[in-house]
Each structure stands twice: as structure tokens, then as C-alpha cells.
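Undergrad: Build me a model:
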Amino acid sequence: MWRLTIEYGLRIGEILALRVHDCPANPGDALKIVRIEDRDHGDPRGTHSPRPKTRGRSLGSIFPNSRFPQLFWEYSSKYRFIWANSLDGSRRKSLNIRHPFLLIARSGLPLSRAAANKASKRISATTGIKFHWHLGRHAFFNRAYTAVSQLDDEADRITRLDDLVYWGGWKDPNSLTIYTRRARRRRAEDAAAEWQKEVTAWDV
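TA: Predicted structure coming up:
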């Protein structure tokens, strides 16, 4: 979940709604975010199920050293199972999970938002850094916006900003500004260092 927020900028609801077949099976495949209206099955979490209502989209990996899709494979093989009782009374691992959602609880049910929130609190407690899942999404878009804003070609810069709006799943392009305030503030704070790269000192 942590890597999905910082590498893809996903909302926690979108992460909890991921199904196995939404995830890339091979390097180079895209990660698919599917709107709730476009799904063809129910969710065992009922009224507490995540309901991704933003635009559906397909996202590739940005980072050359990304561990996706390997992490999807590892998670599915190591953790996506439940303990089942055999006829002889012994317990065995069973991969026969009756839903397609990727992240599961120990019970075999899809992971709940409450469990995801507990995980974010453990991250905060362990690192000593205030953290929640949406903060990871903000961090992704701040970094992405900073990289795009440094492009020299204006046309390319505009295109890439449009790409970020698609990436975030927004209908309104102005939604991106909510996520880039920190990046713009940081750029303003570092203005002297940035603007004086080619000019050692300014006269009156």
C-alpha cells in the first residue's frame, strides 16, 4: 500500500479496490483503476466497500527501479491465501478465495479501510513521522509536478501537466493545484538559489 501511494499516487480507496486482474502480470503491463460503475461483481465489504468514483485509467510504471509488478506476484503467492481444514482435521493453505480483490485480511476477506488506517498509524509510530495514506498521494504529485515544471519546452510542459490530471483521475484540471501547493511553496522558498544560478548578484 505504501509503495502504491508513492509510486502511483493512488487513493487508499483505489488501492483497496484493486483486483488481481487489475494488476500488471508482466513487466510493461499497466495497472488499471476501474470505476465502481464499471465493475462486474459485488464486494463482500458491503456498505464499507471502497468506491472509486474517479476516472478509470491505466498507469504504467514511472521508476526504472520499481518493484512492480514483482511485488504483486510476491504478495499473491505469499499472502493471498486462507487456512482451510482438511477432511483429516489438519489445516492447509488454500488459494480458493471467493473474491478477486488483491489485498486481504487474515480471514481471507478483502482488506478493510479500518485495517488500512491501522497500518498507516503503525507507519507513523515506527518512523516518528506524521503519515496517512493521502499524504503519500500528495507526495507523489508534488514530486511529479516539480519534475514537470522544470521542463524547458513549454508545449511539453503543458502536455505533461495534462498527463498528470489524467494520472490523478480528475475531471477538473484545477484539482491538480490542490496537490501542488507544497511544491510551489518550496520553489518560492528556494527562489534566490534558483534564480541566481546564472547571476551572482543583482544590482538595484
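Undergrad: What separation is there between residue 162 and residue 23?
TA: From residue 162 across to residue 23, the span is 26 Å (CB to CB, to the nearest Å). The C-beta positions use only the backbone N, C-alpha and C, and glycine is treated the same way.
Undergrad: So the two - more neighbours on which side?
TA: Neighbour count, other CB atoms under 10 Å: between residue 162 and residue 23, residue 23 has more, with 20 against 12.
Undergrad: Surely the more buried one is in contact with residue 31?
TA: Yes - contact status for residue 23 versus residue 31: in contact at 6.2 Å, counting by CB atoms under 8 Å.
Undergrad: Put the alpha carbons of stretch 81-99 into CSV.
TA: Written as CSV, here are the backbone C-alpha positions of stretch 81-99 (Å, rounded to 0.1, in the frame of the first residue of the first chain):
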residue,chain,number,x,y,z
PHE,A,81,-4.4,-17.4,0.9
ILE,A,82,-6.5,-18.7,3.8
TRP,A,83,-6.2,-21.6,6.2
ALA,A,84,-8.7,-24.4,5.4
ASN,A,85,-9.5,-27.5,7.4
SER,A,86,-8.9,-30.8,5.5
LEU,A,87,-11.1,-33.9,5.9
ASP,A,88,-8.5,-35.5,8.2
GLY,A,89,-8.6,-32.4,10.5
SER,A,90,-5.3,-30.9,9.5
ARG,A,91,-5.0,-27.3,8.4
ARG,A,92,-3.6,-26.4,5.0
LYS,A,93,-3.2,-23.3,2.9
SER,A,94,-5.9,-22.7,0.4
LEU,A,95,-5.8,-20.3,-2.5
ASN,A,96,-9.5,-20.7,-3.1
ILE,A,97,-10.5,-17.2,-2.2
ARG,A,98,-14.0,-16.4,-3.4
HIS,A,99,-13.4,-12.8,-4.4
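Undergrad: for that stretch, which positions count as buried?
TA: 81, 82 (16 or more other CB atoms under 10 Å).
Undergrad: distance between it and the chain's centre?
TA: Centroid displacement of stretch 81-99 relative to its chain, using CA atoms, centre = their mean, to the nearest Å, is 31 Å.
Undergrad: Let me see the residues that make contact with that stretch.
TA: 41, 43, 44, 80, 104, 107, 108, 109, 110 (CB atoms under 8 Å, 6 or more residues apart in numbering).
Undergrad: Can you name the two of the residues you listed that sit furthest apart?
TA: 41 and 107 (18.9 Å; CB to CB).
Undergrad: Which parts of the chain are strands?
TA: 31-33, 57-59, 82-85, 91-94 (DSSP state E).
Undergrad: right, so of the ones you listed, which gets closest to residue 149?
TA: So among the strands of the chain, strand 57-59 is nearest, using CB to CB, at 20.7 Å.
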